[in-house]
Each structure stands twice: as structure tokens, then as C-alpha cells.
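A.B. asks: got a sequence here, can you build the structure:
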Amino acid sequence: MRESDQEHGGPAVKAQEETPRHVQGLRAENERLRARLAEVEMERGALASRCRLLDGALEDNAVLRAENVSLDAERRMLKDKTAQLQERIERQAKRQIELEERLAGFEEENRRVAREYLTVAQQNTSLANLYVAGHRLHAGLRRGEVIEAIKEIVATLVGSEEMALFERDEDAPVLSLVDSVGIDAGALRRVAVGAGIIGGTAANGETYLADAHDLEAAPGEEGLTACIPLSLEGRVTGVIAIFRLLSHKPALEPVDREIFDLLARQASMALYCTRLYAAQPATPGSGA
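C.D. replies: Next up is the predicted model:
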């Protein structure tokens, strides 16, 4: 180095003096850049991690989207199946209502047929009873047989074991007691026609029924249930008085009125036939 440069501090001296500072500055800048590079590397690593996470999330999202599409398809399928099932349920419910209505119709028809069958059975029983009663009245020609038949009809078909049979005297307006069962007949030996319920029945020729009439009973008529006039060719020839019914029969039934009508028509004829039979002269070997 020249002496002049040293004395006057020339460019070389200045450069030499500034070089260490410049180097230090470069080193500091290099360190700063290194630190910044490290930060960038760290940020790049973090970004790479986030990118990997994002890629994973995107993959998961794609999977979820695919699953969602599948679920949507399955949901639509289930919705269609639900609609079909609902339609089937509605059809079944409608069918069930129709079947219940038909069943109700069948049950009502069965009840109607049962009622008709019961009615026919009762009518058949009534007809059979009437036939038996008519046959029983005309089965015998002797007076005692006919009287026993009348009492049997009243007991078995009507349901009373308390009765009295009267016949009208031809010469006087009086009813005479022919036979009785189950009652105290002391006050009823003779009953004037028109007196009390029994005499009134003989006078007007109409059947008396306690459940249809409200008449004051005369002595001996307590507990009367029915009085039946016995008519022959439009003339009252007698009366059947029926008192209390048996305990198992609380009241008269429609068939009883038919039996009363049969007795009113047939009993007087049967009794009249017994008188004709008794008036016939006995023939040899007849045993009469």
C-alpha cells in the first residue's frame, strides 16, 4: 500500500475498513434469510399437512356424497315401498270393512232365519197342541172321558191345575158346576147367568182374560185367569173357568188364546155328543 493512500485514507483503506462491516451485514442478512427460509419451510410443511388434511377431507366428502346419493336412492325406494304398503293397507282396510259389513249381513240373516225357525217351530208346536187337544176332546164318547180331556188340556197345554167346568141349565138362566179341580167350589155350585165374571161370560159369549179386562170378581172367583164360553150353534151352553197358572208360567201366551178358541168351539160339541151317545138305547152285546 502506498504511503499516500495511507496518509490520505484512500478508497482502498476505506474499502478495507468497510469490508468487515459488510461481511457482518451479509452474515446477518444470511442468518435472517436462513431464519426466514426455515419459517417458510415450516409454513410449507404446515401447508402440506393442511393440504393432506384437505385432500383427506375432500376424499371423505366424496365418500359422503356417494353415500348420500346411495341413501337418497334408498330413501326414494323406501318411500315408494311405503306408498305401496300404505295403498295395500288402505285396500285391506276397505276389504275388511266390506267383509265386516257382509259378516254383519250374514249374522242378521242368521238371526232372521233363527227367528223365523223359532216362529215356525212354535207354530208347529201350537198346531200339534191344537191337534192333540182336538183329538183328545173327540177321542171318547162318554161324558167322563170328555171332562177328563178338558181338564188335561187345561193342565198340560194351558198350564193350570185350578179350573171349573159349568153347563147351562136348559130350563133356567143358571150355570151348574159340572166338575172342578184345585179350587174351593162351595160358592160356585150354581152361578146366575150375568152374575160376576163367570156369569157375565155366559151372558155375553166373550172370552174373559184377566190381562185384558179389569172386572170385579164375585165370591169364589178370586184368582181367575180366563173364562171361556162354550158355544153350540150360536148359543152358550157352558163356561170353562181357569184360575191361577202354574208357577213356571207367569202369564198367558198367544197359543193359549188359540187353545181357548178351540175349547170354545169343540168342547161344547164334544159334551153334546156324549149326551147323544148316552141317550142311545143299549144294543145287545154292546157292553153299555
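
A.B. asks: now the helices: where do they sit in the stretch 151-288 of the chain?
C.D. replies: 196-204, 254-279 (DSSP state H, counting those that start in this stretch).

A.B. asks: buried ones in the last one?
C.D. replies: Burial within helix 254-279, assessed by neighbour count using 16 or more other Cβ atoms under 10 Å, is assigned to 255-256, 258-260, 262-264, 266-274. (Each C-beta comes from the backbone N, C-alpha and C, glycine too.)

A.B. asks: Glu43 is nearest to which of the helices of the stretch 151-288 of the chain?
C.D. replies: helix 254-279 (114.8 Å; Cβ to Cβ).

A.B. asks: which elements pack onto the closest one?
C.D. replies: Counting contacts by 3 or more Cβ pairs under 8 Å, 6 or more residues apart in numbering; DSSP states H and E, helix 254-279 is packed against helix 11-138, helix 143-153, strand 226-232, strand 235-242.

A.B. asks: what's the shortest one packed up against?
C.D. replies: Looking back up the chat, that one is strand 226-232. Looks like strand 226-232 contacts helix 196-204, strand 208-209, strand 235-242, helix 254-279 (3+ Cβ pairs under 8 Å, 6+ apart).

A.B. asks: then the first one?
C.D. replies: Counting contacts by 3+ Cβ pairs under 8 Å, 6+ apart, the secondary-structure elements packed against helix 11-138 are helix 3-8, helix 143-153, helix 254-279.

A.B. asks: what about Ala251, neighbour count?
C.D. replies: For Ala251, the count of nearby residues is 9 (other Cβ atoms under 10 Å).

A.B. asks: nearest residue to it other than its sequence neighbours?
C.D. replies: Of all residues beyond its chain neighbours, the one nearest Ala251 is Asp211 (6.3 Å), with distances taken as Cβ to Cβ, 6 or more residues apart in numbering.

A.B. asks: separation between that neighbour and Pro20?
C.D. replies: 150 Å (Cβ to Cβ, to the nearest Å).

A.B. asks: ok, Arg143 - contacts?
C.D. replies: Residues counted as contacts of Arg143 (Cβ atoms under 8 Å, 6 or more residues apart in numbering) are Leu271, Thr274, Arg275, Ala278.

A.B. asks: and the least confident of those?
C.D. replies: Lowest-confidence member of the contacts of Arg143: Ala278, scoring 78 (pLDDT).

A.B. asks: nearest to Thr82, of the helices and strands packed on strand 226-232?
C.D. replies: Minimum separation from Thr82 across those (Cβ to Cβ) falls at helix 254-279, 62.5 Å.

A.B. asks: tell me the angle the closest one makes with helix 11-138.
C.D. replies: 10 degrees (axes from the mean of the first three to the mean of the last three Cα atoms, to 10 degrees).

A.B. asks: now do helix 254-279: distance to the chain's middle.
C.D. replies: 47 Å (Cα atoms, centre = their mean, to the nearest Å).

A.B. asks: number the residues from 205 up from this point.
C.D. replies: Fine by me, first position is 205 from now on; the one you just mentioned is helix 458-483.

A.B. asks: what angle do that helix and helix 347-357 make?
C.D. replies: Using the same axes, to 10 degrees, helix 458-483 lies at 170 degrees relative to helix 347-357.

A.B. asks: helix 458-483 relative to strand 439-446, how many degrees between them?
C.D. replies: Using the same axes, to 10 degrees: helix 458-483 against strand 439-446 is 120 degrees.

A.B. asks: okay, buried residues for stretch 367-385 please.
C.D. replies: Neighbour-count burial for stretch 367-385 [16+ other Cβ under 10 Å]: Met367, Ala368, Leu369, Phe370, Glu371, Arg372, Val378, Leu379, Leu381, Val382, Asp383, Ser384.

A.B. asks: what's the most distant pair in these?
C.D. replies: Among the buried residues of stretch 367-385, Met367 and Val378 lie farthest apart (Cβ to Cβ), at 19.5 Å.
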